[in-house]
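Participant: all I have is the shape, not the residue letters:
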């Protein structure tokens with residue numbers, strides 16, 4: 001029995017076409033379309049009611065973009081043309097979203113557009129990545145562009161992975177503590193204090209506190225409280241401008257411990273971006289503008305924008321950076337050495353290594369202190385509950401019912 005499959009495909013000259021083909025299954029449909037020299041972009045089986053069953057779509061992330069860039073760099077270095085390399089990746093892509101993006105890029109490249117324009121018009125890639133492609137395409141070094149993009153994304157992926165791994169144990173402790181206290185206040189405390197009646201008037205002060213907390217921490221109240229955080233998160237994602245706290249980032253960066261953590265993170269990412277852009281042959285001013293755009297802290301970003309304006313006016317790079325109050329004195333000094341030696345890209349890589357190590361050390365130190373802090377606080381609270389219950393039992397002879 002043959003089924004109908006709706007398809008979108010590209011012919012040998014890069015023209016996109018749509019149609020319906022009868023085949024026994026999806027593999028048979030692919031084979032028949034391939035015999036017609038068509039490159040399949042999308043294939044959907046039509047149901048008896050005339051509806052199309054869509055493949056489950058998944059968003060692309062940094063991991064997907066990293067693999068795409070790495071494989072493109074490998075294929076291009078082997079001497080393959082860019083359109084053929086994109087076509088191979090499109091055919092092997094697992095995610096439908098990635099297939100559609102690569103199909104869009106392939107269509108535009110074969111229609112005569114530049115690789116930069118094809119990637120930019122997808123709207124799926126950052127301006128940083130687009131500029132990397134643009135600068136290397138102009139000098140005929142596309143493999144270097146995708147290689148630099150892959151290395152930059154690998155840095156981002158590893159960076160986030162290390163933070164995520166470091167947070168696993170503290171998160172486990174926090175969740176375990178919350179579950180423990182939920183069980184205590186939901187089941188143990190109410191039943192124990194229920195022995196002394198519904199009223200808490202005659203209970204000791206500490207027992208009254210536990211009785212009140214057990215009332216507040218009911219399952220219904222906890223579900224309501226738990227739903228508030230996802231609701232706030234969704235609202236912030238949908239309406240970020242309305243929930244933006246003006247001036248908060250500038251204040252946080254001045255807080256002793258938190259400020260150092262934010263500064264080390266921002267400067268490590270900024271420095272690595274500068275290194276990657278300069279190594280790819282991007283001019284310094286453009287590299288500075290694009291790398292500054294990656295900084296989330298508005299105070300630091302505005303200070304670096306002001307430094308960039310001074311550099312455009314002809315001021316020395318090191319002197320301009322020395323005007324940024326957030327930067328440690330060693331950064332202008334290191335940049336001055338790189339400026340005089342003409343080796344700024346290596347200097348920025350060294351700056352990245354310094355702040356990357358500082359950030360990781362700060363996170364490890366904070367997590368090292370956080371773990372025993374959680375255990376101590378949990379132990380103190382559990383101890384308080386146990387002592388309160390013991391005190392209540394010991395004073396039961398003095399209670400009047």
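Facilitator: On my side now, so go ahead. Values in this document were obtained by computation on a predicted structure and should not be read as measured data. Numbers count the residues shown, from 1 in each chain.
Participant: look up phi and psi at the most centrally placed residue in the chain.
Facilitator: For the chain, the residue nearest the mean C-alpha position is residue 160 (7.2 Å; CA atoms, centre = their mean). Main-chain torsions, residue 160, degrees, to the nearest 10: phi -70, psi -30.
Participant: separation between it and residue 167?
Facilitator: 11 Å (CB to CB, to the nearest Å). Backbone N, C-alpha and C define where each C-beta goes, glycine included.
Participant: next: residue 190.
Facilitator: Here residue 190 is placed at a distance of 33 Å from residue 167 (CB to CB).
Participant: likewise for residue 356?
Facilitator: For residue 356, the distance to residue 167 equals 18 Å [CB to CB].
Participant: leaving out the residues flanking it, which one is nearest to residue 321?
Facilitator: In space, and not counting its chain neighbours, residue 321 is closest to residue 332: 4.6 Å by CB to CB, 6 or more residues apart in numbering.
Participant: residues near the one you found, how many?
Facilitator: Neighbourhood size, residue 332 [other CB atoms under 10 Å]: 21.
Participant: tell me the contacts of it?
Facilitator: When contacts are counted by CB atoms under 8 Å, 6 or more residues apart in numbering, residue 332 touches 318-319, 321-322.
Participant: closest to residue 207 out of those residues?
Facilitator: Distances from these to residue 207 were compared by CB to CB; the smallest belongs to residue 321, at 61.9 Å.
Participant: my guess is that closest one meets residue 306, correct?
Facilitator: No. Look at residue 321 against residue 306 with CB atoms under 8 Å: they stay out of range, at 10.6 Å.
Participant: contact partners for the nearest residue to residue 124 once chain neighbours are set aside?
Facilitator: Closest residue to residue 124 apart from its sequence neighbours, by CB to CB, 6+ apart: residue 101 at 5.6 Å. Taking CB under 8 Å, 6+ apart, we find residue 101 in contact with 60, 122, 124.
Participant: quick one: residue 101 from residue 314, how far?
Facilitator: According to CB to CB, residue 101 stands 42 Å off from residue 314.
Participant: check residue 227 too.
Facilitator: To residue 314, residue 227 is 57 Å away according to CB to CB.
Participant: the more surrounded of those two?
Facilitator: Remark: of residue 227 and residue 314, residue 227 carries more neighbours, 10 against 6, as counted by other CB under 10 Å.
Participant: can you pull the pLDDT of the more buried one?
Facilitator: Looking at residue 227, its pLDDT is 79.
Participant: show me what contacts it?
Facilitator: Not one residue lies near residue 227 by CB under 8 Å, 6+ apart.
Participant: my reading is that it lies in a helix. Confirm?
Facilitator: Yes. Membership of residue 227 in a helix is supported by DSSP: H, G, I helix; E, B strand; the rest coil.
Participant: distance-wise, check it relative to residue 234.
Facilitator: Distance, residue 227 to residue 234, using CB to CB: 11 Å.
Participant: got it, and residue 150?
Facilitator: As for residue 150, its distance to residue 234 is 33 Å (criterion: CB to CB).
Participant: more neighbours: which of the two?
Facilitator: Counted by other CB under 10 Å, residue 150 and residue 234 do not tie: residue 150 has more neighbours, with 20 against 10.
Participant: what helix or strand does residue 130 sit in?
Facilitator: Here residue 130, judged by DSSP states H and E, is contained in helix 127-138.
Participant: how about that helix: buried residues?
Facilitator: Neighbour counts over helix 127-138 (16 or more other CB atoms under 10 Å) mark 128-137 as buried.
Participant: strands of this structure, start to end?
Facilitator: 3-10, 16-23, 39-45 (DSSP state E).
Participant: let me have these in CSV, adding mean pLDDT, mean neighbour count and distance to residue 276 as columns.
Facilitator: Putting these into CSV (pLDDT from 0 to 100; neighbours: other CB atoms under 10 Å; distance: least, CB to CB, whole Å) gives the following:
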stretch, mean pLDDT, mean neighbour count, distance to residue 276
strand 3-10, 73, 19, 33
strand 16-23, 71, 14, 34
strand 39-45, 70, 18, 32
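Participant: possible to save these as a markdown table with distance to residue 345?
Facilitator: Listed next are these as a markdown table, based on distance: least, CB to CB, whole Å:
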| stretch | distance to residue 345 |
| --- | --- |
| strand 3-10 | 40 |
| strand 16-23 | 41 |
| strand 39-45 | 39 |
